[in-house]
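Engineer: return atomic coordinates for the entry below.
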Amino acid sequence: MKLSPLGNILSAILTYGAGIVSIISAIGYTAVGISGITQHFAIGEDQYWRQRLLASQLTGTTAFAFTGLMTLVGAWLWRSRDGGMRHAGRMVLLLSTIPSVVSVIELLLLTPQDASHAIPFIAAPVMIGLGIALDQRNKEFVTVRNATISLFEGFDSVALTRAGVANGNIMSVRAAAYHIAGHEMHHINIIKERYLSR
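Structural biologist: Residues are numbered from 1 along each chain as shown. As a prediction, this is how the structure comes out:
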C-alpha cells in the first residue's frame, strides 16, 4: 500500500516537530527559570532554598527534554515499515503526551501568571495527535482508493458498459469510474487552492 507523500510528510513534520518543540522549550524554560531563581536569591542569602529550587528546575526541565527525545524516538519508530516498530512508536508517542499534559495542569494551578509558558506543553501533544490522525486518514484514503481500483479492474468490457440511474441520470459503470477519479481530483484541487496556495 503506497501512502500519499503529502500525508506522510505532514504527519512526520508534526510528530518530529513535537519532539523538537519539547526539547527547545525545555532548554528555554531552563534558561529563564535559572535566571529568575538566581536573580531572586542574592548570593549568601538562604542558599539551601536557592539550590533546591535550581535542582527542582533542572530536574523538571531535564525530564521534559528527555520526553522530547523520546518523542523523536517514537516518531522515528512510527515511520518504520515494520508493523511491530510502528506500533511501538505510536505507543511511545502517545505516552510522551502525558508529561506535557501534567506539566500544563501543574503550571496553570501553581503559577497561573506563567500561563504563556504552557503553550509548548500544549503544542507538543496536539502536534502528536494531529500527526497520528493525519496518518490514519491517509491510510484510510489509500485503502479505499486501492479497493476502488481493484473493483474496477475486476470488471470485464461488458460489465463496464452496463448502465443504470445515478442521481436521476443514466450512467455506465465506466462513467462511474471517471466520476470517482474526477471527484478525488476535485477535492485535491480544493485542498491545494484553499490551504496550500498561500
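Engineer: contacts and neighbour counts: CA atoms only from here.
Structural biologist: OK.
Engineer: helices and strands of the chain: which one bottoms out on pLDDT?
Structural biologist: Least confident helix or strand, the chain: helix 5-40 with a mean of 85, by mean pLDDT, DSSP states H and E.
Engineer: buried residues in the helix or strand encompassing Met70, which are they?
Structural biologist: Here Met70, judged by DSSP states H and E, is contained in helix 47-78. Neighbour counts using 16 or more other CA atoms under 10 Å place 50, 53-54, 57-58, 60-62, 64-78 of helix 47-78 among the buried residues.
Engineer: now stretch 112-125
Structural biologist: Quick answer for stretch 112-125 (16+ other CA under 10 Å): 117-118, 120-125.
Engineer: which of these lies closest to Gly17?
Structural biologist: Ala124 (7.8 Å; CA to CA).
Engineer: dump the residue contacts of the residue nearest to the closest one when sequence neighbours are not counted.
Structural biologist: Leaving aside its chain neighbours, Ala124 sits nearest to Ala18 (4.4 Å; criterion: CA to CA, 6 or more residues apart in numbering). Ala18 is in contact with 68, 71-72, 123-125, 127-128, counting by CA atoms under 8 Å, 6 or more residues apart in numbering.
Engineer: can I get the buried residues of stretch 112-125 in a markdown table with distance to Ile9, secondary structure and pLDDT?
Structural biologist: Shown next, in a markdown table, are those (distance: CA to CA, whole Å; DSSP: H, G, I helix; E, B strand; the rest coil; pLDDT from 0 to 100):
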| residue | distance to Ile9 | secondary structure | pLDDT |
| --- | --- | --- | --- |
| His117 | 28 | helix | 81 |
| Ala118 | 27 | helix | 85 |
| Pro120 | 22 | helix | 87 |
| Phe121 | 23 | helix | 86 |
| Ile122 | 22 | helix | 91 |
| Ala123 | 19 | helix | 92 |
| Ala124 | 17 | helix | 92 |
| Pro125 | 18 | helix | 93 |
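Engineer: and the closest residue to Phe66 other than its chain neighbours, how close does it get to Ile122?
Structural biologist: Counting by CA to CA, 6+ apart, Ile23 is the residue found nearest to Phe66 once chain neighbours are left out, at 7.7 Å. Ile23 sits 14 Å away from Ile122, going by CA to CA, to the nearest Å.
Engineer: so where's this structure uncertain?
Structural biologist: Low-confidence segments of the chain (pLDDT under 70): 1-4, 42-45, 198.
Engineer: the most centrally placed residue in it - nearest residue in space that isn't next to it in sequence?
Structural biologist: The C-alpha lying nearest the average C-alpha coordinate of the chain belongs to Gly131 (CA atoms, centre = their mean; 2.3 Å). Spatial nearest neighbour of Gly131, excluding adjacent residues (CA to CA, 6+ apart): Ser11 at 4.1 Å.
Engineer: thought that neighbour was touching Leu134?
Structural biologist: Yes: with contact defined as CA atoms under 8 Å, Ser11 counts as touching Leu134 (6.0 Å).
Engineer: so between these two, which is more surrounded?
Structural biologist: Ser11 (25 against 18; other CA atoms under 10 Å).
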